[in-house]
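Participant: only geometry, no sequence info:
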């Protein structure tokens, strides 16, 4: 009975599941009810929403010895689900 509890997963509209079968990439599953075989398959949730990363401000000295404070914000989102958990940069 406990194994059946872990077999069903519910994904939200902005999530996808990357499913690994015995450690190898098997399939990408969409939102809704996802059935996973607990011992053989593993699932990794991937969020497709746009994320925001705030880069802390830094003091920089330019070529003409002018001190400048630089601040940045990085927006990113996942495009290719296959490469999220496999490729290490």
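Facilitator: Sure thing, it's come through. The model shown is predicted, which means the values in this text are computed figures rather than measured ones.
Participant: Relative to residue 27, how far out is the most far-flung residue of the chain relative to its centre?
Facilitator: Distance from the C-alpha centroid of the chain, by CA atoms, centre = their mean, peaks at residue 64 (41.8 Å). To residue 27, residue 64 is 56 Å away according to CB to CB, to the nearest Å. Placement of C-beta: from N, CA and C, glycine included.
Participant: what does residue 81 give?
Facilitator: 10 Å.
Participant: more neighbours, those two?
Facilitator: Legend: neighbour count by other CB atoms under 10 Å for residue 81 and residue 27, higher for residue 81 (17 against 12).
Participant: Now do the buried residues in the helix or strand hosting residue 16.
Facilitator: Per DSSP states H and E: residue 16 is located in strand 15-21. Of the residues in strand 15-21, those buried by neighbour count under the rule 16 or more other CB atoms under 10 Å are 15-20.
Participant: So what's the gap between stretch 17-26 and the chain middle?
Facilitator: Centroid separation between stretch 17-26 and its chain, computed with CA atoms, centre = their mean, to the nearest Å, is 15 Å.
Participant: List the pairing partners of the helix or strand containing residue 59 within its sheet, with orientation.
Facilitator: Applying DSSP H and E as the criterion places residue 59 in strand 51-61. Strand 51-61 pairs in its sheet with strand 67-76 (antiparallel), by DSSP bridges.
Participant: Give me the contacts around the partner strand.
Facilitator: 50-62 (CB atoms under 8 Å, 6 or more residues apart in numbering).
Participant: cool, stretch 34-51 as well?
Facilitator: With contact meaning CB under 8 Å, 6+ apart, stretch 34-51 is reached by 3, 6-11, 14-23, 26, 29, 75-78, 81, 84-85.
Participant: For it, buried residues please.
Facilitator: Those would be 34, 36, 41, for stretch 34-51 by 16+ other CB under 10 Å.
Participant: Quick check: the residue farthest from the centre of the chain is in a strand.
Facilitator: No: counting by DSSP: H, G, I helix; E, B strand; the rest coil, one finds residue 64 to be coil, located in no strand.
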